[in-house]
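Peer 1: Give the three-dimensional model of this entry:
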Amino acid sequence: MTTPEDLIAEFPPDTPGKALRDFPFVERAGLELLHVERGRTVLRLPFEPNINHVGMIYAGALFTVAEVPGGILFVSAFDVSRFYPIVGDLDIRFRKPAMTSVLVDARMAEDEIGRVSAELEATGKARWDLTQEIVDERGVVVATTRATYFGLSF
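Peer 2: Modelled structure (predicted):
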């Protein structure tokens, strides 16, 4: 797994990102896709417009940057013409105030992709867990998350 320092070195604050426009709420938050490949996605949530009443990133915005990667990982690895992802639960632990933009580096190992794919093919549904760290521009972990996602057939 990449350390927070390695992540910041790979994706410094001036790294251009692609705006996510699939959902109006996510678009308004300014969530950006920095990288996607099979089993890995890196997202950035900008500091503005996500500031709360005390000058840090709003908790709901941090929840958004934690929830969206599971769907992108699913799209990167599975047949979305037959299956779709949905979050079942997400636990978030706020560790430090987020006073800058934040990054999340979400990954799904090849063996887990294989397991989920086999379950989708066999039963039309599958479950997987995703644990993540959300880091600020200095590499400080501002939140940790654990989520359960489901892949389901249409």
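
Peer 1: chain center to whichever helix or strand residue 9 is part of: distance?
Peer 2: Element membership for residue 9 (DSSP states H and E) is helix 4-10. Taking the mean of its C-alpha atoms, helix 4-10 sits 16 Å from the chain's own mean (C-alpha atoms, centre = their mean, to the nearest Å).

Peer 1: Which of the helices or strands spans residue 22?
Peer 2: Using DSSP H and E, residue 22 falls within no helix or strand.

Peer 1: Would you agree residue 145 is in contact with residue 64?
Peer 2: No. Residue 145 lies out of contact with residue 64 (C-beta atoms under 8 Å); the separation is 11.3 Å. Using the backbone N, CA and C atoms, a C-beta is placed for each residue, glycine as well.

Peer 1: which residues are in contact with the helix or strand that the helix holding residue 9 is followed by?
Peer 2: Counting by DSSP H and E, the next helix or strand C-terminal to helix 4-10 is strand 18-19. Residues from elsewhere that reach strand 18-19 (C-beta atoms under 8 Å, 6 or more residues apart in numbering): 27, 30, 31, 32, 33, 34.
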